[in-house]
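Student: Please work out how this folds:
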Amino acid sequence: MEFDPRWLLFVLPVVFVLGWLASKLDSRQWKLEQRDSPKAYFKGLNLLLNEQQDKAIDAFIEAVQNDPDTSELHFALGSLFRRRGETERAVRVHEHLLRRGDLPRTDRDRAQHELAQDFFKAGLFDRAEAAYAELRGTAFEREARLALLSLYERSRDWAKAAEVAAELEAAGTGSFSGRIAHYLCEQALLAQGHGHADLAQELLGQARRRAPEGARAYVLQGQLLLKAGQPEAALAAFTHLLAANPPAFNLVAADCAAAAKALGQPERAVALLTEQYLRAPSMQLLRALASLQPGPQRERLTAHLREQPVLSAATDLLKLNAPQLPEAEAQGMIRALEKATKPLQRYRCAACGFEAAHYFWQCPGCLNWDSYPPQPVEELS
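Tutor: Residues are numbered from 1 along each chain as shown. Model (predicted):
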């Protein structure tokens, strides 16, 4: 049977019409899906801007159900879960993304970074460390190293923190000499606590070379030497501190006086304390001088009050003049002044305002290093 070409005149129009109808149906379906998905997405954004996170999460979940292949919706949803503290749900969202075989490399790296942040927020530091390690060689490597640095600081793994800080410095992120010096000081304290005094001094020496203007290594070195019965070496460390970082000398004024008295050479400490007092008067320096030369302390306090009318100087002066006053009156005034002075003797972080009775090299509030001025609150104004 021969093929009749006339059939083409009937078949071709039918095929064309069917194809046109199919394309229109697909286009309508696609438009409906696209209309529903952005509607839910923008609804979620609007709710988020209005700080209605619960409703925003519901809207994003709806958007994800309408368009499960859109990675941006998953990222938005995972970020919301983490911000709300629902880290388990955030982990599930980001792990789902990582299991997708069609995910582009950039989105896969982003999902890995988000997953690492989930673990960090949840306090799962071992899993966060492993997740951040997967980001080496990606666009998130710098952020991952900075996060690892914070992680190692929180877990007090000072050796690893120093290693990561050195990597960041080598990569051109900035100078981390000050931080590395602090890490070495922390290791020195651990070594001293385990009875390894020589190792502690070696680590402090490394810290001094790393950050020659940093105060902590000199302070710790002098204090540890003084406790070890080496006042001469301790006084030398305090002298180096005065040259390298004069404001921090306030922190060791009493230790410096103790070292000179142990040597039987109080005049050496008097010279150092007077030098710094003339440069920047403070009560720590005055009290250290009083322990070495108590005679002229009344005149020193009177002069100090003229320049800096602080309550602690008034309290000390009142104590010196107490024998000349009725005992009940003197004791009452002293107790009142001491009560008023106590809050002013605290140290305050310059970054976050966190106050503490003791000096901290790293703020317990904001975790910044060297954010505490070496003067108490009453001497900052």
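
Student: Any idea how many residues pack against the residue lying closest to Ser150 once chain neighbours are set aside?
Tutor: Nearest non-adjacent residue to Ser150, counting by C-beta to C-beta, 6 or more residues apart in numbering: Leu367, 7.6 Å away. C-beta coordinates here come from the backbone N, C-alpha and C atoms, glycine included. Neighbours of Leu367 under the rule other C-beta atoms under 10 Å: 13.

Student: care to break this protein down by domain?
Tutor: 69-168, 181-282, 295-345, 346-381 (automatic domain parsing).

Student: Next up, the contacts around the closest residue to Leu289 other than its chain neighbours.
Tutor: Spatial nearest neighbour of Leu289, chain neighbours left out: Leu273 (5.2 Å); criterion: C-beta to C-beta, 6+ apart. By C-beta atoms under 8 Å, 6 or more residues apart in numbering, the contact set of Leu273 is 253, 256-257, 285, 288-289, 292.

Student: out of the domains of the chain, deepest packed?
Tutor: domain 181-282 (a mean of 19; mean count of other C-beta atoms under 10 Å).

Student: So for the one helix or strand Val164 maps to, mean pLDDT?
Tutor: Following DSSP states H and E, one finds Val164 within helix 158-170. Averaging pLDDT along helix 158-170 yields 95.

Student: by contact count, what packs against that helix?
Tutor: Counting contacts by 3 or more C-beta pairs under 8 Å, 6 or more residues apart in numbering; DSSP states H and E, helix 158-170 is packed against helix 141-154, helix 177-193.

Student: need those helices in JSON lines with distance to Ala303 and mean pLDDT, can you?
Tutor: As requested, the helices and strands packed on helix 158-170 are arranged in JSON lines below (distance: least, C-beta to C-beta, whole Å; pLDDT from 0 to 100):
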{"stretch": "helix 141-154", "distance to Ala303": "44", "mean pLDDT": "94"}
{"stretch": "helix 177-193", "distance to Ala303": "36", "mean pLDDT": "96"}
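
Student: could I get the ones you listed as CSV with distance to Arg84?
Tutor: CSV is the format used below for the helices and strands packed on helix 158-170 (distance: least, C-beta to C-beta, whole Å):
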stretch, distance to Arg84
helix 141-154, 20
helix 177-193, 32
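
Student: Give me the contacts around the helix holding Val164.
Tutor: So helix 158-170 is in contact with 142, 145-146, 148-149, 152-153, 174-177, 179-180, 183-184, 186-187, 190, going by C-beta under 8 Å, 6+ apart.

Student: for stretch 245-260, same thing?
Tutor: By C-beta under 8 Å, 6+ apart, stretch 245-260 touches 213-215, 218-219, 222-223, 226, 231-232, 234-235, 238, 241-242, 266-270, 272-273, 276, 279-280, 282, 284-285, 287-289, 291-292, 359, 373-375.

Student: In a strand, Tyr372, correct?
Tutor: No: with DSSP: H, G, I helix; E, B strand; the rest coil as the criterion, Tyr372 is coil rather than part of a strand.

Student: pretty sure it contacts Ala351?
Tutor: No: assessed by C-beta atoms under 8 Å, Tyr372 is found out of contact with Ala351, at 9.1 Å.

Student: quick revisit: can I get the helix holding Val164 in PDB? Just the C-alpha atoms.
Tutor: Extracted C-alpha coordinates of helix 158-170, given in PDB (Å, rounded to 0.1, in the frame of the first residue of the first chain):
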ATOM      1  CA  TRP A 158      45.000  28.000  73.100                       C
ATOM      2  CA  ALA A 159      47.400  26.000  70.900                       C
ATOM      3  CA  LYS A 160      44.900  25.500  68.100                       C
ATOM      4  CA  ALA A 161      43.800  29.200  68.500                       C
ATOM      5  CA  ALA A 162      47.400  30.300  68.000                       C
ATOM      6  CA  GLU A 163      47.700  28.100  64.900                       C
ATOM      7  CA  VAL A 164      44.500  29.500  63.300                       C
ATOM      8  CA  ALA A 165      45.500  33.100  64.200                       C
ATOM      9  CA  ALA A 166      48.800  32.500  62.400                       C
ATOM     10  CA  GLU A 167      47.000  31.200  59.400                       C
ATOM     11  CA  LEU A 168      44.700  34.200  59.300                       C
ATOM     12  CA  GLU A 169      47.700  36.600  59.600                       C
ATOM     13  CA  ALA A 170      49.600  34.800  56.800                       C
END
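
Student: Now find how far off-centre it is within its chain.
Tutor: 15 Å (C-alpha atoms, centre = their mean, to the nearest Å).

Student: Stretch 260-268 now?
Tutor: Distance, centroid of stretch 260-268 to centroid of chain: 40 Å (C-alpha atoms, centre = their mean).

Student: all numbers from here: first residue = 874
Tutor: Happy to do that; since the first residue is 874 now, the last one works out to stretch 1133-1141.

Student: Looking at it now, give me its mean pLDDT.
Tutor: On average, stretch 1133-1141 scores 95.

Student: can you pull out the helices in the stretch 1124-1254 of the chain?
Tutor: 1126-1136, 1139-1152, 1156-1165, 1170-1180, 1184-1194, 1200-1214 (DSSP state H, counting those that start in this stretch).
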